[in-house]
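>>> task: produce atomic coordinates for the following.
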Amino acid sequence: MSDDLICVGSIGGSYGVHGELRIKSFCATADDIETYSPLTREDGSGSFTIAIVRSVKGGFVIRIPDVGTKEQADALKGVLLYARRDQLPRLPDDEYYHSDLQGLQVLDTGGEILGIVHSVQNHGAGDLLEVQLPNSLATVLVPFSLAAIPTVDLVAGRIIADPPDGIF
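Numbers count the residues shown, from 1 in each chain. Have a look, this model is predicted:
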């Protein structure tokens, strides 16, 4: 994925028979997704200017110009929506876009390599870093809290972790 694109949502499929679509926003303020239009696919193809019609459980119903039928809307099911980084707000020093964390090396406080950030998860109780262990396909989840992750150094491409006992 390009460093210039950030995933801000996904299309869940059609909503009704007139070309409306369901989307899920990954933005901190969910309805901000509309302000980042036009959105694209990960490869930069397609341009989606979205207009929120209403809120529904788990997301929004939107309209996209040139999508006027249920079949056209269904064809977009599963498409991830990306915004250019320069469209998004600048974050405070202690906040990060998930895509900025993916691929960073994770070290413990003694400098030992614990793994690489595979993804950032959130199941409702706060962010978790999914860390892939060195020379393995196995992963562990580490709370993304100041206690467990005291240092994130984007310039050096690493995270210093002090995880709770028993995680690694």
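
>>> helices and strands of this structure: which one bottoms out on pLDDT?
The weakest-scoring helix or strand in the chain, judged by mean pLDDT, DSSP states H and E, is helix 98-101 (a mean of 89).

>>> residues contacting it, please?
Helix 98-101 has contacts (C-beta atoms under 8 Å, 6 or more residues apart in numbering) with 1, 3, 6-7, 117, 119-120, 127, 129, 152, 154, 159. For every residue, glycine as well, the C-beta is placed using N, CA and C.

>>> redo that, cut-off 7 Å
Helix 98-101 has contacts (C-beta atoms under 7 Å, 6 or more residues apart in numbering) with 1, 6-7, 117, 120, 129, 154.

>>> how far does that helix sit from its chain's centre?
Relative to the mean C-alpha coordinate of its chain, helix 98-101 is positioned 8 Å out (C-alpha atoms, centre = their mean, to the nearest Å).

>>> export it as PDB, just CAs?
This file holds the C-alpha atoms of helix 98-101, laid out as PDB (Å, rounded to 0.1, in the frame of the first residue of the first chain):
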ATOM      1  CA  HIS A  98      -2.800   2.500  12.200                       C
ATOM      2  CA  SER A  99      -1.000   2.300   8.800                       C
ATOM      3  CA  ASP A 100       2.000   4.200  10.400                       C
ATOM      4  CA  LEU A 101       2.400   1.400  13.000                       C
END
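
>>> residues making contact with the very next helix or strand once past that helix?
Next helix or strand after helix 98-101 toward the C-terminus (DSSP states H and E): strand 105-108. Contacts of strand 105-108 with the rest of the structure, by C-beta under 7 Å, 6+ apart, involve 113-117, 131, 157-161.

>>> list the buried residues of the next helix or strand after strand 105-108.
Per DSSP H and E, the first helix or strand lying C-terminal to strand 105-108 is strand 113-122. For strand 113-122, burial by neighbour count (16 or more other C-beta atoms under 10 Å) applies to 114-118, 120.

>>> which member of those residues is positioned nearest Asp31?
Checking the buried residues of strand 113-122 against Asp31 by C-beta to C-beta gives Val120 as the nearest, at 21.5 Å.

>>> neighbours of the residue lying closest to the closest one once chain neighbours are set aside, how many?
Of all residues not flanking Val120 in the chain, His98 sits nearest, at 4.0 Å (C-beta to C-beta, 6 or more residues apart in numbering). Other residues lying near His98 total 17 when counted by other C-beta atoms under 10 Å.
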